[in-house]
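Q: I'll drop the sequence and a predicted model, then ask my questions.
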Amino acid sequence: MFKKIVVAGLAVILIGGVLFFQGCGRKVKHYTLQQLLKVYTTYGASFSRDEKAIAFVTDATGVFNIWTVPVEGGEPKQLTFENENSIGGAWFSPNTDEIVYMQDVGGNELYHIYIMPASGGKAVDIIADPQVRAVFLGWSHDGNSFLYQTNSRDRRYMDVYSYDMKNRSSKMIFKNKKGLQFACASGDMNLIALVKTITSTDSDIYLYNVKKKRLANLTSHHGEIVFAPSTFSPDGKFLYYRTDEGSEFTYLKRMNLKNYQTEDVARDNWDIIYAGFSHNGRYFYYASNEDGSTKITVLNTVTDVPIELPNIPQGELSSIGFSRSEKFMTYYFRGDTRPRDLYLMGLKSGESSKLTNSVPEYLDTKDLVESKLVRYKSFDGLEIPAYLYTPHNIRKGEKLPALVWVHGGPGGQSRKGYDGLKQYFVNHGYVLLVVNNRGSSGYGKSFYTADDHKHGAEPLWDCVWGKKYLTTLPYVDSTRVGIIGGSYGGYMVLAALTFQPEVFAAGVDLFGIANWINVLNKIPPWWEAFRESLIKEIGSPKTEEAYLKSISPLFHADEITKPLLVLQGANDPRVPEEESEQIVEAVKSKGGVAKLIIFPDEGHGFRKLENRIKGYTAAKEFLDKYLKNKAG
């Protein structure tokens with residue numbers, strides 16, 4: 001005989017005088033990785049010329065393809081049927097029944113630009129050389145041409161071209177000799193704003209006049225200050241830009257291009273991250289990054305009154321856009337338990353409708369976990385922001401395995417939003433601490449630069465103190481804490497197992513850096529504009545080889561004593577495949593546990609569903625073996 005009672009929110013079963021505690025929340029269903037990854041990723045929103053349909057890109061088929069959906073709602077229609085190479089963005093032509101899109105091969109990041117009928121069908125590649133990279137930039141105000149950039153002339157520099165849709169021809173309008181980066185253009189495409197990146201915290205704005213063929217530095221300055229163009233005013237008289245001059249955070253200003261006078265437009269206690277206008281300037285918008293969440297303001301420029309945006313709980317609005325008629329606004333909504341979905345808002349009525357549904361019928365989002373924003377003190381007292389994911393219905397006295405999760409970069413930021421892999425681990429009993437270590441963007445200039453020339457040390461120690469924070473939680477087993485991350489986060493995994501070999505019980509490295517010397521010497525040619533910035537932050541392979549060796553895990557792999565899994569794309573242009581091979585062989589040669597999985601059709605990151613399922617399943621099995629099944 002037994003009976004069930006409730007004590008302090010827990011279901012307690014009394015058997016023979018002994019109490020057994022169980023979580024008394026709703027029963028949570030456990031999902032497979034495939035089920036959670038089949039929650040589609042959707043992005044982009046481009047109106048057809050009659051504004052009756054919207055094009056977007058989604059991986060509903062396992063590979064990113066172009067789909068359209070009627071503005072009045074209804075079933076989305078698939079336009080492309082790629083099985084191998086994902087599409088990287090799609091835009092309706094404003095004046096013809098065509099779509100322009102970008103696509104690379106096997107994740108090599110050598111994007112080309114294609115034009116196809118709006119109803120689907122055969123596409124034409126406007127880039128002849130398969131070894132060059134081209135990126136779509138945007139349409140002219142009249143919609144008769146678009147801008148794109150390519151490194152066809154010089155692999156190091158991205159020149160700017162105009163493509164005429166009427167005569168189907170390209171014309172170079174800016175020859176890039178200084179390693180400048182395109183930012184925005186005026187509607188008539190006569191003015192081009194560009195950025196000269198000096199370091200990650202120091203940049204200048206250049207203005208190029210196409211007709212006069214004149215290039216000018218608008219922000220010549222002393223000290224390290226960020227100047228970053230956002231948009232031109234619709235009449236081309238003003239340039240709106242972000243800067244952190246005299247501030248910890250970037251704010252929005254504008255410059256009168258006739259007399260070069262400047263004035264503040266918007267300030268916040270967080271970074272303002274972008275700004276823009278609707279097609280004819282009736283609406284002006286800007287967004288701030290408030291503690292890892294996007295906050296958007298949209299102003300009616302006629303009345304100078306903010307429009308009321310939808311208030312949807314447990315998530316945020318992002319990626320807003322406008323139809324050319326300015327009748328409609330598109331936006332995405334997302335949250336930890338709410339995958340990104342496309343919405344349409346009538347700007348006159350203020351009513352919104354949901355156009356896509358990324359959540360399969362089998363998934364109850366109540367089974368997913370909302371993260372909690374926490375802060376913990378690192379070794380020197382610096383507060384580190386992080387997102388804590390805790391499984392539902394933890395029983396009293398239960399000790400769970402945990403993972404410290406590190407974002408890419410350096411300089412990236414982990415933010416709220418649905419992530420099938422994170423939810424999979426939490427759904428299967430792992431506690432996650434998603435760390436924004438020093439050097440992460442979004443928390444001010446001082447925090448952002450705190451990792452410069454300190455990689456493998458202070459930012460790593462923030463992760464180590466993250467593990468210490470986890471062990472203060474009564475439901476975490478301190479002996480079963482691992483570390484996982486991708487790209488720079490993968491480097492942090494390798495650095496943790498190398499330079500702090502006793503802290504974490506296991507590590508999963510997703511295409512992480514093992515040898516900084518090799519990476520810095522083999523920066524992709526189209527990254528030339530960022531080369532000096534990376535060298536300043538990380539170190540120079542010419543003058544600081546000994547230092548770079550000291551922070552590169554490959555040269556210290558014999559220190560790794562804990563199990564390591566590495567996932568790598570063969571076509572990765574940033575992290576060479578041989579680096580991952582070398583680090584794994586180095587560990588195995590010393591008798592350590594290390595495993596490498598190579599994906600021959602992926603680059604820096606895994607786009608194909610089948611590859612993500614294979615790789616992440618291996619990661620879960622690996623961590624289960626060395627963390628979950630380990631005696632606590």
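A: Looks like it came in fine. Just so we're clear, the structure is a prediction, and the values are computed from it rather than from any experiment.
Q: When you work out contacts or count neighbours from here on, use the C-alpha atoms and nothing else.
A: Will do.
Q: Could you give the number of residues near Ser323?
A: Ser323: 19 surrounding residues under other CA atoms under 10 Å.
Q: Pull the contacting residues for it.
A: Contact analysis of Ser323 by CA atoms under 8 Å, 6 or more residues apart in numbering lists Ser46, Phe47, Glu51, Ser278, His279, Met329.
Q: now swap in Val426 and tell me
A: Contacts here follow CA under 8 Å, 6+ apart; on that basis Val426 touches Val369, Tyr389, Thr390, Pro391, Leu432.
Q: Assumed it was part of a helix.
A: Yes: Val426: assigned to a helix according to DSSP: H, G, I helix; E, B strand; the rest coil.
Q: related to what we said a few turns ago, turn the buried ones among the contacts of Val426 into a named ChimeraX selection, would you?
A: Applying 16 or more other CA atoms under 10 Å to the contacts of Val426, the buried members can be selected in ChimeraX as follows:
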select :369,389,390,391,432
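Q: Reformat the contacts of Val426 into TSV and put distance to Leu609 and pLDDT next to each item.
A: Formatted as TSV, these follow (distance: CA to CA, whole Å; pLDDT from 0 to 100):
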residue	distance to Leu609	pLDDT
Val369	22	97
Tyr389	24	98
Thr390	26	98
Pro391	25	97
Leu432	23	98
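Q: Sort out which of the contacts of Val426 are in helices and list them.
A: Counting by DSSP state H, the contacts of Val426 place none of their members in helices.
Q: from the contacts of Val426, which is closest to Arg340?
A: Proximity of these to Arg340 was ranked by CA to CA; the top entry is Val369 with 15.8 Å.
Q: any idea how far the closest one lies from Gln181?
A: For Val369, the distance to Gln181 equals 39 Å [CA to CA, to the nearest Å].
Q: again with Ala287
A: Ala287 sits at a distance of 22 Å from Gln181 (criterion: CA to CA).
Q: Can you pull the domain assignment for the protein?
A: Annotated domains of the chain cover 2-30, 369-628 [automatic domain parsing].
Q: least reliable of those domains going by mean pLDDT?
A: Mean pLDDT values for the domains of the chain show the minimum at domain 2-30, a mean of 46.
Q: ok so, going back, could the contacts of Val426 go into JSON lines alongside distance to Lys614?
A: Converted to JSON lines, those look like this (distance: CA to CA, whole Å):
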{"residue": "Val369", "distance to Lys614": "24"}
{"residue": "Tyr389", "distance to Lys614": "24"}
{"residue": "Thr390", "distance to Lys614": "25"}
{"residue": "Pro391", "distance to Lys614": "24"}
{"residue": "Leu432", "distance to Lys614": "21"}
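Q: Of the contacts of Val426, which belong to strands?
A: Tyr389, Leu432 (DSSP state E).
Q: nearest to Thr303, of the contacts of Val426?
A: Nearest member of the contacts of Val426 to Thr303, counting by CA to CA, is Val369, at 41.3 Å.
Q: Thought Lys422 was touching that closest one, still the case?
A: No: shown here, Val369 and Lys422 do not form a contact pair, counting by CA atoms under 8 Å, at 9.5 Å.
Q: For the residue nearest to Ser278 when sequence neighbours are not counted, give the beta-bridge partners.
A: Of all residues not flanking Ser278 in the chain, Phe322 sits nearest, at 5.7 Å (CA to CA, 6 or more residues apart in numbering). For Phe322, the beta-bridge partners are Met329 (DSSP bridges).
Q: Was I right to think Phe322 contacts His279?
A: Yes: contact criterion CA under 8 Å: Phe322 and His279 qualify, at 7.2 Å.
Q: So between those two, which is more surrounded?
A: Set Phe322 next to His279 and count neighbours by other CA under 10 Å: Phe322 wins out with 21 against 17.
Q: correct me, but Lys354 touches Phe333?
A: No: look at Lys354 against Phe333 with CA under 8 Å: they stay out of range, at 9.5 Å.
Q: Spit out the residues that contact these two alike.
A: Residues touching both Lys354 and Phe333 (CA under 8 Å, 6+ apart): Asp341, Leu342, Tyr343.
Q: Mark which of those residues are part of strands, please.
A: Per DSSP E, those map to strands at Asp341, Leu342, Tyr343.
Q: which one of the residues you listed is nearest Leu564?
A: The closest of these, once distances to Leu564 are taken by CA to CA, is Asp341, at 35.7 Å.
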